[in-house]
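S.K.: okay, structure incoming, though there's no sequence with it:
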């Protein structure tokens, strides 16, 4: 179990990442791609990605990258720099600029558990050409395996952020931390990550915690090993909302705010329910906003959910509804 120890200042400085982190998604997708665990919602992604890599004769090109990301156990902290929260290119630049001491330390630890290819020795010395090769491999892999699914990844992460925002609004920072159950448990200033592969404690010491919702994170949240690095906890999101459809490219919302075509397609009440769910909305809020009964609101959200336009998450006595990519495409059309 991982125990993350908070001070009162840490609670106030805890926040959720503004968007999906492209470097974390890349690294965690490599773990899933090589692992034996079957993830039903990712079966097609896995087949398609493996097929694409074979078609690009990627065995040698990605050999080092794959070796640095084994399906289980330790993987190097330097592959997921804090700078990646500013975007993919910022993350790659940070990887290229990793201090030699960190490279040597991380790769020495990785080599204790996994065989590494010959270029890893030069990487541990900070060889610029090997670092360039590594980040080029990351860029190429990202374009093949992550970019085609990015709209789905973003949609699933945004749906999760809506849940966390609601928890924060209702119950403050501690409500946000409590909302991370069932894979985590919050009590008395300690966030316990259940089923964590190691037993250790992380003292935040006033630095706060960055929570990173991730599409490709497996069932167990992930933290950096080095306690001196900026504290980050990556946790899995519900992937269902990201796999129900693609966001179709378009010009966005109708400039005059008209919903006539949508109302004609769905009916005025269901069109209004869909619009209410744009920023996340509970069943009770749908009922109050539309001045309909709770039973009617529940019926309309059920129909929209069954049509793949909404995804619903239960938290204790409330159900929060958010748009799927297909629902957003319909709303924006």
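M.R.: It's in. A quick note: this is a predicted structure, and the numbers were derived from the prediction, not measured.

S.K.: pLDDT below threshold where in the stretch 151-300 of the chain?
M.R.: For the stretch 151-300 of the chain, residues meeting the criterion pLDDT under 70 lie at 240-265.

S.K.: the helices in it, which residues?
M.R.: Using DSSP state H, counting those that start in this stretch, the helices found in the stretch 151-300 of the chain span residues 260-266, 268-276, 283-290, 294-306.

S.K.: in which helix or strand does the nearest residue to residue 145 once chain neighbours are set aside reside?
M.R.: Here the nearest residue to residue 145 in space, its sequence neighbours aside, is residue 49; by CB to CB, 6 or more residues apart in numbering that works out to 4.5 Å. For every residue, glycine as well, the C-beta is placed using N, CA and C. When secondary structure is defined by DSSP states H and E, residue 49 falls within helix 43-55.

S.K.: tell me which residues of the helix or strand following that helix come out buried.
M.R.: As assigned by DSSP H and E, the chain's next helix or strand after helix 43-55 is helix 63-67. Residues of helix 63-67 classed as buried: 64-67 (neighbour count, 16 or more other CB atoms under 10 Å).

S.K.: looking at the residues you listed, which is nearest residue 162?
M.R.: residue 65 (33.2 Å; CB to CB).

S.K.: that closest one against residue 133, yeah?
M.R.: No: using CB atoms under 8 Å, residue 65 is not in contact with residue 133, being 9.1 Å away.

S.K.: got a list of what the residue most central in space within the chain touches?
M.R.: Nearest residue to the geometric centre of the chain (CA atoms, centre = their mean): residue 214, 1.4 Å. Under the criterion of CB atoms under 8 Å, 6 or more residues apart in numbering, the contact partners of residue 214 comprise 20-21, 24-25, 28, 157, 222, 234-237.

S.K.: by neighbours, which of the residues you listed wins?
M.R.: In terms of neighbour count, residue 21 stands highest of the contacts of residue 214 at 28 neighbours, by other CB atoms under 10 Å.

S.K.: looks like that one contacts residue 87 (just checking).
M.R.: No: with contact defined as CB under 8 Å, residue 21 does not reach residue 87; the gap is 9.2 Å.

S.K.: quick check, pLDDT for the residue nearest to residue 145.
M.R.: The predicted local confidence for residue 49 comes out at a pLDDT of 88.

S.K.: now the strands for this structure?
M.R.: For the chain, the strands defined by DSSP state E cover 2-5, 15-16, 184-187, 190-193, 200-203, 210-214, 222-223, 232-236, 281-282, 310-315, 318-323.

S.K.: got the ones you listed as TSV, with distance to residue 300 columns?
M.R.: Rendered in TSV, the data for the strands of the chain read as follows (distance: least, CB to CB, whole Å):
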stretch	distance to residue 300
strand 2-5	40
strand 15-16	29
strand 184-187	33
strand 190-193	36
strand 200-203	44
strand 210-214	27
strand 222-223	38
strand 232-236	29
strand 281-282	12
strand 310-315	10
strand 318-323	10
